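S.K.: Need a 3D model of the sequence below.
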Amino acid sequence: MPRTMFESESIPVLANALNFAAERNKVIANNIANIDTPGFHARDLRVDEFKKMLGRAIDDREARHPFEFRMRRTPHIAVKGGSPVFEPYSIKSDGVRRHDRNNVIIEREMSKLAKNAMYAKISQQFLVKKFRQLETAISGRVT
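M.R.: Okay, here's the model as predicted:
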């Protein structure tokens, strides 16, 4: 039996996806804000590792119990209170040299920001759809 209806199905998956997108957005925005800061190194979150972590949580839930969604720590992403704790890592210089030793490339950051916004928007749209389905089921009428 699920602890709550919000811990079953896709809601925790989408909530974690939105949380990741929000945290990554903060990191990217910080990179852009520091584009002129001497010695600043761009940072990011581990996207591929988070996606694998989320996929493992889905697979574990399907294999064990359909109402139990647990995120498990990875080498670079800790879990506290059942939720991932995201720690940005510094992006190493990829051959780009600036006189002030800042490695922020605005085109790269804007591209990451756009991709991240799409990821967040899609996750948000699915979550809204899920809540509308719950609303319909609870009210007993189709809107």
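S.K.: Just give me the residue closest to the centre of the protein.
M.R.: For the chain, the residue nearest the mean C-alpha position is Phe20 (1.9 Å; CA atoms, centre = their mean).
S.K.: Could you give me the buried positions within the helix or strand containing it?
M.R.: According to DSSP states H and E, Phe20 maps onto helix 11-33. The neighbour-count check on helix 11-33 (16 or more other CB atoms under 10 Å) flags 11-21, 23-25, 27-28, 31 as buried. Heads up, the C-betas are built off the backbone N, CA and C, glycines and all.
S.K.: Give me the mean pLDDT for the longest helix anywhere in the chain.
M.R.: Assignment by DSSP state H gives helix 106-139 as the longest helix of the chain. Mean pLDDT, computed over helix 106-139, is 93.
S.K.: what's that helix packed up against?
M.R.: helix 11-33 (3 or more CB pairs under 8 Å, 6 or more residues apart in numbering; DSSP states H and E).
S.K.: quick one: contacts of the next helix or strand after the helix it packs on?
M.R.: Using DSSP H and E, the helix or strand that follows helix 11-33 in sequence is strand 43-44. By CB atoms under 8 Å, 6 or more residues apart in numbering, the residues outside strand 43-44 that reach it are 24, 27-28, 30-31, 88-91, 112.
S.K.: Ranking helices and strands of this protein by mean pLDDT, which lands last?
M.R.: Ranking every helix and strand in the chain by mean pLDDT, DSSP states H and E puts helix 47-63 at the bottom, with a mean of 90.
S.K.: got the angle for that helix vs helix 11-33?
M.R.: For helix 47-63 against helix 11-33, the angle by axes from the mean of the first three to the mean of the last three CA atoms, to 10 degrees is 170 degrees.
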